[in-house]
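predicted model and sequence follow; I will ask about them next.
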Amino acid sequence: MVDSSCCALLGVAGFSGSGKTTLLRALIPLLRRRGLRLGVIKHTHHDVEQDTPGKDSYELRHAGAMQTVLAGPRRSIVTLENDSPHEPDLWASLALLNTQALDLVLVEGFRDQPLPKLEVHRPAHGRPLLCLHDTHMLAVATDDASLAAPVPLLDLNRPEDIADAIAHWRETGRLTTGAG
């Protein structure tokens, strides 16, 4: 967890295709029902475009603005342009959020960063366990209950239980599974 003046930070890490986004889509409404105010940072290796060509905001940005805020009544969008392509920085991305208004920021990707993480692992994909080499992994969400891992296992097909474990971790700093 980060310091108490900020919100908690929890990574969701795993190899491509493991189900990170699918799990987050299930967890977000469950955690919201528990009263948590959530933020999400998602790492991507691709260029992103959330604006529409021909719209004023798109045209202003493409005229050369390095930072643009499209402010609307229901949502605002911040776009930052980089002088040259470079790997995103988790901490710079976190600084874009108003963490004082959040209880928890879920971070998808950034798997090499030193923050508490939940690993999403499907043995059928033939990829190694990240928790074997990452001491920041709190648990593994998996579809194989017989998996041998140095951290607790969570049933990937029971997002309610994973949400309970996350809520408990946020409150106590300890992740517990149904058994413990």
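Structure received.

switch to C-alpha atoms for all contacts and neighbour counts from now on
Fine.

so how far does stretch 105-114 reach from one end to the other?
Terminal residues of stretch 105-114 are spaced 15 Å apart (Cα to Cα, to the nearest Å).

now that stretch: buried residues?
V105, L106, V107, E108, G109, F110, R111 (16 or more other Cα atoms under 10 Å).

name the SS class of the residue nearest in space to the middle of the chain, please.
Centroid-nearest residue in the chain: V107, 2.0 Å away (criterion: Cα atoms, centre = their mean). For V107, the assignment made with DSSP: H, G, I helix; E, B strand; the rest coil gives strand.

beta-bridge partners for it, please?
Counting by DSSP bridges, V107 is bridged to G11, I41.

how about the contacts made by it?
L9, L10, G11, V12, V40, I41, K42, H43 (Cα atoms under 8 Å, 6 or more residues apart in numbering).

one more: H43?
Shown here is H43, whose contacts under the criterion Cα under 8 Å, 6+ apart are P88, V107, E108, G109, F110.

confidence score at the last one?
Pointing back at F110 there. Reading off the confidence values, F110 has pLDDT 93.

now for it: which residues touch it?
So F110 contacts G11, A13, H43, L90 (Cα under 8 Å, 6+ apart).
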